[in-house]
Each structure stands twice: as C-alpha cells, then as structure tokens.
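S.K.: coordinates only, sequence not included:
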C-alpha cells in the first residue's frame, strides 16, 4: 500500500456546479483532496451562481467575489473562467475534460448539451468519464423542462407538507434542505460511479433529480399509503412535533423561559415518562392514567399544556440538563450563536474552520461532521474569486505559457 | 452490474444507521444486518400492516432494510463476538451506531473487533461523537433537529407557535447521508491504494452543517435568521410565498417574473384564464413585458416603475393561485417559465405522472403478503449500475445459517450456546 494522505487525491473534477445543490457536492470532494476546478463564464463574471453576489457579506464590499454563501460552499476549489461561446474556449474545455475523472453540473436540463458538451460529447473526449448532472426534475420525464429551486423541490416531494401543524398551512422547511441533501446525493453518486470505474474501468452518466431524492425521504409514509391505503393528507396530519412512528408521548417542543426560547422533549417509553414525572415533581405529572402510553396518547393535549406551563418558567439549558440527568432525551432549540460559539460538541470537532479567502480575508465556514482516522478532511482555502486560478490551471494542466493566457484574456476567451 | 457488487457490509442493527445500510444495499452491496436475539427494537416501530403490531409487519422496518440479508447474532456473548469478528474479517465496511462505549463494554473495542483488519472501513455514528462532554446525552430525531439547528429555522410567522420539526425522520437521514459519504470516500481511498480506517460521524454536527443560511449568516456577519411560514428563515421578514388554491391545497408561488418574456407569458396566461379584467395591476404586467432586459431588482423601492412592475408580477401569481386549483397553478406557471410548486403530500408526489415516468414506483415481492408492494424508487438514475431493491427486508434470523456458513463458521455450537436466538 502506498502512503496516500488525502482520500481523494489524484481525482480531478471539472465542475460546473453552482448554488448549494451542486456546489455542496463538490465541497465534500475537495475537502478530501480532489482537485475540483470550477468553470465559470468570464462574460457575466460567474453570475450564473447567484450566490456569488448574494448576502450575507462580511463587510461593506459587494460583487461576485464577496457572497458569504458562495464562499461557504466552495472552499478548497480552484476557479477558472472559460468563454464557451468561442471555439478556443471549447477546445480548452475539451482538453480539461480529457485530464479529468468527473464532470459535474446542476444547470437546467440540456444546457451543457447546447454548448456541445452533453454526455455523448464528453464520452468522445474521455471514454471513461463520470458525468453527474443534478437538476430539480431530472433530464427525463414530463416536467424535465420545468424549473425548480430548493423550496420548490421540497414542495413537490412531500417534505413541505410533512412539516406543519394540523389544520394549518404547511410550515415547511425554513431553508433549502433539499439543496443540502441534493448535494449529498450528488456526491454519493460521484463516489459510487468512481468506485465502479476503479473496479471495471467503465464510466457512466448519473441523472440526479433533487425531487426524486426528496420523494424517497418519506418512505414509511409512502408504504403506509401503498400497503394500508392510508394517505398522509387526512385530518390531524401532519401532526407537528408529535411522534406517530415510533409512537411517543409526550413528544414536542415546549416554551422555555425567555423570548422565543424552546425545549424539545421526547419520552420514548413509560419509564421515560415516569422519570420525567419525577423530575417535574408535581402532582399533575404523577397521575396513574398517564403511566401507560395509551393513557398519555389519549390526553396528549392536556399533558402538552401542562408541560408547556412547567417548562415556560425554566431556562432551556437548565431543562436540558435536568431532563438528560434523569435519562430523558431533551434538547434546547439552539440559536445559531449558541450552537456555533458555545456548544462543546461542535467546538470539539472543529466544525467551523477558518478559511483564508483571497479578498474577504479570514472567515469561518461550515466544516464536515466526520472524523477520519487516516485521511482527515481539510478546509483552509476560501472559495475562488472569479477566474482566480485561470492562469495556474491553464499553465499547470494544459501546458500553456503565461503569454498564451494573456492572449486568451485579450481575446475574451478567459 | 451494480456499483457496489462484491462489496460486503456488516451493519449492526440500530434505528439510527438503518437508512445508511439501505443506501449501500440498493446500490448492490451485500449488506448483512446483524440483530440481537429477539430482534432489533426497530421491528416494533409503527406503522404496521393493517395496524396489527408484529415484528414482521413494521413498514418502517420494511422500508429501511431493503436489499439486506439478516442474521441473528449476540455479539455481547464471547462466542457471538468471535463469529462477528469472522464476518468482519471478510467484510469491506462495518456500519454501527452504538452509543459511545457500548461496544467496548461488551468486549468489542477496536482491537478486539476490527484490529488487524487493515482493509476494513469502520463507520461509527453517534449522536454527539465518541468523545467530548456531551457524548452520553440521549437523543432522538426530534432532539437532534432541535439542538442541531434545523428546527430554529422552521415554523410559522407567529412566534407564539413553537418551531416545527420537519417530518420523516430527517435527523437520522442527515446522519446517514454523511455515514454513506464517509463509507464510500474511505472505500474509494482504499481502492486507490490506501488502507481501511475508522470514521466517526456525529449526528448533531451533521444537523449543524445542514442549516444553510442559519449557520452562515452567523459565521459571516453574526446575523440570526428568524423563522417564517413556508419560506426561508431570514434576518428580515420577506413576503409570504404560499397560497391556498380553490381545492384547498397550497402552492409555493416561487420566484416572481423578472424578464420581459416572463411578464408577457404571465399576462397571456392571465388573459387565457379570463382574469385580466379583475386584476387592476395587469397594466404593469404589460409594462414589464415591454421593457428591455431583465428587471433590476436592486431598484425595487427606489424606482417607482420597477417597484410597480415587480409587485404586479407577485400580485398576479397570488391572484391566479386564489382562482385555480393547485395543480392548475403549478402547471400553468411552470409553462410560463416560473419556478413554482404544488405542495404535495408524500402519496400525491408518489402518484404524480412525472415521478411515475421516472420509475419512482418500484414493485417488490413481499412474502408476508403473498403479493408485491410499491416502494419509493431510486434517488438517482445511474446509466449502467442501476439502483435496485434486490430483496425485501429480512425476517428475523432469515439468513443466519447462510451468512455464517459463507464465513466458514460452525453454526451448531453457536446455536447451542444461544447466541443465534431461537431456531
């Protein structure tokens, strides 16, 4: 065995992804040492990835190199510009594909094809290329031409619906959960295809659709429908913070002392409730009819009201400590500041590494929630500025000279 | 051929890890699910077929354990431990989600269980990681999502209502996605010439980095997002984005039009529905359609015409949504070129013709019922190494003898010592 220090060193990704659903995937690969090269349009300064100029910003500076979300999702990648409207731009891309293992993109269906770099064309350039496309509805099917972004994927796939209180409009997900998750599936697809290629020599195309991935995340609800013919759209559903599967009571998010402070409590069993009642230490909690799950389920509204009252006089972290000490799963609903700056469990993992961005400077980003014993991840470099590595990549990988690159720049190719 | 054909996975049955094993099994890995005598507690999870509680009728079990073989083996017993070690000696990946210290307390520390197996990838997933002061805190899906960040961003405009946890066990799913990413990354490293290794996944940390703006608004400029009904939690309130349609279902009205073409098509749709006369702002749609180039959103509020045009686009969408069914709105607006969505329940999504055409309904023969059952299909469409449910979830101990025999383990003494459960 050789001494490989980075799990994915030697893997090169020709990366057209943007936003979180695509960029999140290649962020994982880059953190483990893959050479991820973002390819962007010099004409619109990479504006296709709207996060380049979207808030939050670290200071008063604005423009395509200052978007906080972009920096967060594009750490450890290199960035070049190529004008694919020009023949020379196309040639350079072809040369880059030839030297790559993977091509990733999350454009609307058909965009890469229109530039002349659809899967068949990629395969002619590099027969064993791994090509992973990721778009909301996929490249095939009646809605292939429709447009999506995170919240639309969540709406279509059932995830928005299953977040809410009975009888009210959906609360949904207050962020693009399926952009994160679509990125996870896209990275999984890249790794699976690379493992297959390593063992057989064969490349392939993976047509990822965020909506498909989202649909699979409500599996038991779908089986309840196909087997028991019980739809989720019925009275009393979705039931907010309660738990039907597995059945638990009490189970919810209760008001704690302070402004918009909350505590989540899950009593998994009769023993949990008995310990919870002992911790509460008030007569109402000790009622015999609540010693069984069926008794507690029958009176859920009443128990929830009492628990709310009891919790609201206490601090959320005090409640968390007291209930955990009694052996009951309980967690304060943490605000960003609390979980990022004051939580020993995220500090311990170095979950918020500081990266150096060429223009923004030193800034913290999301790290990875894993610890590898042999090949740890590393996130130190911030997201690339527009065209930051054009010269470096074209000279190092494609053998161009500095003068060649200067000429290409003058011709508007890069 | 499957992407993971020939890759052997041993999964110690635990509700927290179940989905990770399914994701590998459905891509062709040979996953052996090891349960204790008496079965994994997850077999008692609702919903049950016909609501009859039975360890072989849990639909949660059925869903999360497809494409796995099942063996009963008490690894807390010395004989069972030796057998598990023998299974691991020929495995590529170990998936386990025991609480910190549990394996070691039962004679299965890393030396005993995985020592001298340099090719093995050991993925251990725990609520808070194996070390650190919070490692022994108890957790469920609800508490992980509450403590880890997602819940803070989800709920209603009305903050007298509690934040809401999204359904479907997403706290566990997030952890399992990272477990699979880790297993495959470590496996690829090994295939490229490296050795196996141990990976620890923290579910709490996984939730923390699955919150989008919730985290990075704080990291970038110490901003705190606030939850809003059905749309992104943000530092400042944004306009509502959900509408109730005539059939009682809701839609997400998405992003309003910005280009002249989009304004033109939206106006044409309004006319086709016969609703132009009822919307006084329609005149601004006409102005939007006649402009040159994209509407500059940064001028909203400062330029009266831009403000009126942009507002009219939003008004028109909201108005149309109130006059048609959710499905009509979705299809109509998408044909205009606008990204809007109908808010489906899981079964409505499952029956939608687009998903059906993409193969999202998969028939699986279910021996307990003597018929096939429709399962959700692939999260990704591989051209060559197809995703497939190769078998339904195992019944208790279904493959014990077969799996042990393949590893050259003598079954009779194990059976006698009780580590294989009742025969």
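M.R.: Alright, I've got the coordinates. For clarity, every value in this text was computed on a predicted model and none was experimentally measured.

S.K.: okay, buried residues for stretch B:94-101 please.
M.R.: Using 16 or more other CB atoms under 10 Å in any protein chain shown as the test for burial, stretch B:94-101 gives B:94-100. C-betas here are computed from N, CA, C, even on glycine.

S.K.: average model confidence for it?
M.R.: For stretch B:94-101, mean pLDDT is 98.

S.K.: gap between the two ends of it?
M.R.: Terminal residues of stretch B:94-101 lie 17 Å apart, using CA to CA, to the nearest Å.

S.K.: swap in stretch B:338-353?
M.R.: Using CA to CA, the end-to-end distance of stretch B:338-353 comes to 20 Å.

S.K.: also stretch B:238-247?
M.R.: End-to-end for stretch B:238-247, by CA to CA: 26 Å.

S.K.: do it and chain A come into contact?
M.R.: Yes. Looking at stretch B:238-247 against chain A by CB under 8 Å from any CB of the partner chain, the contacts come from B:241-242, B:244.

S.K.: buried subset of the residues you listed?
M.R.: Buried members of these, counted by 16+ other CB under 10 Å: B:241-242.

S.K.: ok, the residues of stretch B:238-247 next to chain A vs chain A, which is closest?
M.R.: For the residues of stretch B:238-247 next to chain A, the residue nearest chain A by CB to the nearest CB is residue B:242; the value is 5.8 Å.

S.K.: next, the closest residue to that closest one other than its chain neighbours: phi, psi?
M.R.: Spatial nearest neighbour of residue B:242, excluding adjacent residues (CB to CB, 6 or more residues apart in numbering or on different chains): residue B:230 at 4.1 Å. Main-chain torsions, residue B:230, degrees, to the nearest 10: phi 60, psi 20.

S.K.: the stretch 51-200 of chain A: strands as residue ranges?
M.R.: Ranges of strands in the stretch 51-200 of chain A, per DSSP state E, counting those that start in this stretch, are A:78-81, A:102-105, A:130-135.

S.K.: do the stretch 51-200 of chain B as well
M.R.: Using DSSP E, counting those that start in this stretch, strands in the stretch 51-200 of chain B cover B:68-72, B:93-96, B:121-126, B:198-202.

S.K.: distance to chain A for these - can I get that in JSON lines?
M.R.: Shown next, in JSON lines, are the strands of the stretch 51-200 of chain B (distance: least, CB to the nearest CB, whole Å):
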{"stretch": "strand B:68-72", "distance to chain A": "14"}
{"stretch": "strand B:93-96", "distance to chain A": "11"}
{"stretch": "strand B:121-126", "distance to chain A": "9"}
{"stretch": "strand B:198-202", "distance to chain A": "4"}
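
S.K.: chain B: which of the strands of the stretch 51-200 of chain A is closest?
M.R.: Using CB to the nearest CB, these put strand A:130-135 closest to chain B, at 8.3 Å.

S.K.: could you say what helices and strands the closest one packs with?
M.R.: Here strand A:130-135 touches helix A:19-31, strand A:102-105, helix A:119-125, helix A:177-200, strand A:204-209, going by 3 or more CB pairs under 8 Å, 6 or more residues apart in numbering or on different chains; DSSP states H and E.

S.K.: how far away from the center of its chain is that strand?
M.R.: Computed by CA atoms, centre = their mean, to the nearest Å, the separation of strand A:130-135 from the middle of its chain amounts to 16 Å.

S.K.: next, the angle helix A:177-200 makes with it.
M.R.: Calculated by axes from the mean of the first three to the mean of the last three CA atoms, to 10 degrees, strand A:130-135 forms an angle of 160 degrees with helix A:177-200.

S.K.: who touches strand A:130-135?
M.R.: The contact list for strand A:130-135 (CB atoms under 8 Å, 6 or more residues apart in numbering or on different chains) reads A:17, A:21-22, A:25, A:101-109, A:112, A:119, A:122-123, A:139, A:148, A:182, A:185-186, A:189-190, A:193-194, A:197, A:203-210.

S.K.: so residue B:55 makes contact with residue B:41?
M.R.: No. Counting by CB atoms under 8 Å, residue B:55 does not reach residue B:41; the two are 9.6 Å apart.

S.K.: mind listing what the spatially most central residue of chain B touches?
M.R.: Most central in chain B under CA atoms, centre = their mean is residue B:173, positioned 4.5 Å from the mean C-alpha point. By CB under 8 Å, 6+ apart, the contact set of residue B:173 is A:181, A:217, B:19.
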